[in-house]
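K.L.:
Show me how the following folds:
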Amino acid sequence: MFKKYEKFFRLMENFFYNFFYRLVNALGQLIVVSIWLADYLGPEQNGKLNFAFTMISLFTPIATMGLNEIVIRELVRTGKDNIVLGSTFVIKAVSASICFFAINFFNFIFVKDPITSKCILILSFGFLIQITDFIVYWFQAKMKMKHAAVLMPFVALIIAGIRIYMIASNFPIDIIVYSFLAEYFLVISINIIIYKFLDSEISKWKPNFETLNHYRLEAGRFGLAAEAA
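P.N.:
Take a look at the predicted model:
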């Protein structure tokens, strides 16, 4: 009887871990960043940090290009994991690089405040660090979210500890902002380690020209729609 519903239970389990993964990440941001850090920085510096994040968010849809929907769908539909992931990597690398240079060109021309400009520059490296963030979509497609979700509280605690130390030590805003890059790097590193632990290798990714062109066109539509929204 239970075997009849095994796939459903696995799907619900994966949904729960995916929800938990996002919830822990969101709560960590809310508690540590939005409340305590905002109080520490004060209105002026917190405004500069929020402006930097706003600038990053304007370019994020171009960097991500709605690939989450495409990657999950193609992994489930085709089963050609290495081609799907390899092609996605190429698109992400190109789009993230374009966003990195575009936002810093805008930053150099229009942003006059040196602290705000430095925060934007530092945060823009997140585009490059997160090029392989789509690995988490592989976890979702293969119903392996449990492995990533279980480690997320430890990541949140480590980053919280770093930021608490920075606040207690009266670090300036242009140093504290590096903790966000540390968070991106830590999450991506853990996902890569888990991916390898599950007997998968990044070295086996093989981009395919036809697949690249198809994803580029479809992802471009997603990206433009997200930017317009």
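K.L.:
how close does residue 99 get to residue 195?
P.N.:
Counting by C-beta to C-beta, to the nearest Å, the separation of residue 99 from residue 195 is 24 Å. To be clear about C-beta, it is placed using only N, CA and C from the backbone, and glycine gets the same treatment.
K.L.:
sorry, that was for residue 138
P.N.:
7 Å.
K.L.:
Then residue 102?
P.N.:
With distances defined as C-beta to C-beta, the gap from residue 102 to residue 195 amounts to 29 Å.
K.L.:
do residue 147 as well
P.N.:
9 Å.
K.L.:
What residues sit buried inside the lengthiest helix in the chain?
P.N.:
The longest helix of the chain (DSSP state H) is helix 81-110. By neighbour count, and taking 16 or more other C-beta atoms under 10 Å as the criterion, the buried residues in helix 81-110 are 81-92, 95-96, 99-100, 103-104, 107.
K.L.:
Point out the other helices and strands that the helix or strand harbouring residue 151 packs with.
P.N.:
For residue 151, the enclosing helix or strand under DSSP states H and E is helix 145-168. Helix 145-168 is packed against helix 6-28, helix 135-141, helix 173-176, helix 178-197, with contacts defined by 3 or more C-beta pairs under 8 Å, 6 or more residues apart in numbering; DSSP states H and E.
K.L.:
Now it: average pLDDT?
P.N.:
The predicted model assigns helix 145-168 a mean pLDDT of 81.
K.L.:
Repeat that for stretch 57-69.
P.N.:
Averaged across stretch 57-69, the pLDDT comes to 81.
K.L.:
Show me how far it is from its chain's centre.
P.N.:
Taking C-alpha atoms, centre = their mean, to the nearest Å, one finds the center of stretch 57-69 at 10 Å from the center of the full chain.
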